[in-house]
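[1] Coordinates only, no sequence provided:
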């Protein structure tokens with residue numbers, strides 16, 4: 001069975017809007033929607049080819065995640081040149097992680113990062129650069145695996161060179177072009193606070209998720225759902241991260 005069939009079977013509410021009550025991206029982008037203004041400039045950090053929007057079968061999640069047309073400008077950046085073809089951006093830049101981001105200080109009101117932080121090898125660079133280009137009072141919103149949750153533990157148990165092969169089995173439908181090496185240097189609340197330093201307020205919510213690794217099997221999906229529900233908070237699989245730059249906008 002595919003992931004959507006399993007979700008509708010084990011999360012009855014998903015038969016209405018296509019998403020469950022614990023959908024992480026929906027939760028993150030609901031928070032963004034609550035503060036986003038028509039005059040805001042937004043940076044989609046690690047935007048890639050736009051895979052979450054291009055391939056998402058859930059209309060509401062796709063709609064709330066697409067910020068284009070809901071603010072003044074949506075910029076995107078990524079180390080992968082596929083970002084230049086992302087149709088959900090007003091402009092895109094290819095970046096390097098050994099150089100400053102190609103933007104002036106205090107450029108953006110909101111920065112979003114969807115499953116990007118786990119791929120960053122230099123947490124200090126990320127914290128420094130995102131805060132530099134964010135306006136005082138601005139918001140960074142990110143979703144990323146918890147380093148001590150089962151998603152990250154499973155990924156770290158498999159060498160990066162084998163991730164594509166492994167994900168073909170455990171996440172049917174996952175495309176090879178959307179699989180990247182993982183580092184998990186930012187994936188705890190303490191690591192996030194160190195990376196962003198005293199110039200920011202960092203708020204981290206650990207939360208459950210829909211089963212990520214299920215092999216397309218109902219039994220595995222059911223067991224993983226039960227497992228997620230009964231995990232202690234420190235071991236929940238996802239982190240929702242909100243960072244506010246200190247100062248007045």
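    Good, I have the coordinates. The model shown is predicted, which means the values in this text are computed figures rather than measured ones.
[2] give me the element the residue sitting furthest away from the middle of the chain is part of.
    Taking C-alpha atoms, centre = their mean as the measure, the residue most remote from the mean C-alpha position of the chain is residue 219, 27.2 Å away. Residue 219 belongs to helix 218-230 when assigned by DSSP states H and E.
[3] Run through the neighbouring helices and strands of that helix.
    With contacts taken as 3 or more C-beta pairs under 8 Å, 6 or more residues apart in numbering; DSSP states H and E, helix 218-230 sits against helix 3-10, helix 150-157. The way it works is simple: take the backbone N, C-alpha and C, and place the C-beta from them, glycine included.
[4] which outside residues touch the first one?
    When you say that, I think you mean helix 3-10. 1, 14-15, 18-20, 57, 171-173, 210-211, 214, 216, 218, 221-222, 225 (C-beta atoms under 8 Å, 6 or more residues apart in numbering).
[5] And those residues, which of them are buried?
    Buried subset of those (neighbour count, 16 or more other C-beta atoms under 10 Å): 14, 18, 19, 20, 171, 210, 211, 214, 216, 221, 225.
[6] Quick one: residues contacting the residue lying closest to the fourth one once chain neighbours are set aside.
    Using C-beta to C-beta, 6 or more residues apart in numbering and skipping the chain neighbours, the partner closest in space to residue 20 is residue 11 (3.8 Å). When the contact criterion is C-beta under 8 Å, 6+ apart, the partners of residue 11 are 20, 21, 22, 210.
[7] The longest strand seen in the chain to helix 150-157, inter-axis angle?
    In the chain, taking DSSP state E as the definition, the longest strand is strand 134-145. On the basis of axes from the mean of the first three to the mean of the last three C-alpha atoms, to 10 degrees, strand 134-145 is oriented at 80 degrees to helix 150-157.
[8] for the record, mean pLDDT for strand 134-145?
    Taken as a whole, strand 134-145 has a mean pLDDT of 98.
[9] Going by neighbour count, list what's buried in that strand.
    Residues 134, 135, 138, 139, 140, 141, 142, 143, 144, 145 are the ones in strand 134-145 that count as buried (16+ other C-beta under 10 Å).
[10] For the residue most central in space within the chain, which residues count as its bridge partners?
    Among the residues of the chain, the one closest to the centroid is residue 114, at 2.0 Å (C-alpha atoms, centre = their mean). Residue 114 forms beta bridges with residue 143, as assigned by DSSP bridges.
[11] That one touches residue 52, doesn't it?
    Yes: using C-beta atoms under 8 Å, residue 114 is in contact with residue 52, at 5.8 Å.
[12] and for these two, which residues touch both?
    25, 65.
[13] Give me the secondary structure label for the closest residue to residue 154 other than its chain neighbours.
    Counting by C-beta to C-beta, 6+ apart, residue 154 lies nearest to residue 213, which is 6.0 Å off, once chain neighbours are set aside. Classification of residue 213 using DSSP: H, G, I helix; E, B strand; the rest coil returns coil.
[14] For residue 155, see how far away residue 213 is.
    9 Å (C-beta to C-beta, to the nearest Å).
[15] now the strands for the protein?
    Under the criterion DSSP E, strands of the chain are mapped to 41-45, 73-78, 91-94, 108-114, 134-145, 200-207, 238-245.
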